[in-house]
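Visitor: here is my input, please return the structure:
(one chain, ligands or ions: 1)
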Amino acid sequence: MAYFLTCNRCKETTKAWEIVDLITEHTHDDGMLKCTKCDGEAHVYQVSQTQDGGKWERYIRAVIAFKTQFGDAYVPYVFLLSYTPNGKLQDVHFNYYKDLRASGGRLKHGHGPGGAPVFGKGGILRLLEHLAEHGILSPSELTALAGKVERKTRKPRRTGD
Ligand SMILES: [Zn+2]
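Guide: Residues are numbered from 1 along each chain as shown. Alright, predicted model coming up:
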């Protein structure tokens, strides 16, 4: 599936042929989509029909891929989304692709290995770091989370009496 990127700066449209091309050729180091003409930030508009007859419109603004034990063939990734072309990043859309082209197969989104994302500890920490970097989580929210978890795990267990 091709992705059409619209530049937030020069307004030109550029094209990524598929997900691997999008990740490797159309992102800045921090994962934000970029215009290959002027290097400005870009977005991909997507709309999906929902089962209840509605639609889900969003703007893909960044894509972050994760290394797993499955190597380059099975790659979980997330899209960071906003709901206006240049708006605040708000949601995280989890995805997975499998790329078996190097061994004569195809590039596709699928199930099994290559289905639902599986993250190790390093991947989760990297995701939290990116979410904080992109303003979806604030440092104070992360601090509050750490405090909450610490209180939960330090709390003495009830003995039932
Ligand atoms: Zn541009």
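Visitor: which non-adjacent residue is nearest Met1?
Guide: Glu18 (6.3 Å; Cβ to Cβ, 6 or more residues apart in numbering). The C-beta positions use only the backbone N, C-alpha and C, and glycine is treated the same way.
Visitor: and that neighbour, what does it touch?
Guide: 1-3, 107 (Cβ atoms under 8 Å, 6 or more residues apart in numbering).
Visitor: so which of the residues you listed wins on neighbours?
Guide: Of all the contacts of Glu18, the most densely surrounded is Tyr3 (20 neighbours; neighbours counted as other Cβ atoms under 10 Å).
Visitor: which residue sits closest to that one, ignoring its sequence neighbours?
Guide: Counting by Cβ to Cβ, 6+ apart, the residue nearest Tyr3 is Ala16, at 4.3 Å.
Visitor: okay, now the one you found: neighbour count?
Guide: 23.
Visitor: touching, it and His26? I think so.
Guide: Yes - Ala16 lies in contact with His26 (Cβ atoms under 8 Å); the separation is 4.9 Å.
Visitor: find the residues that touch each one of those two.
Guide: 3, 5.
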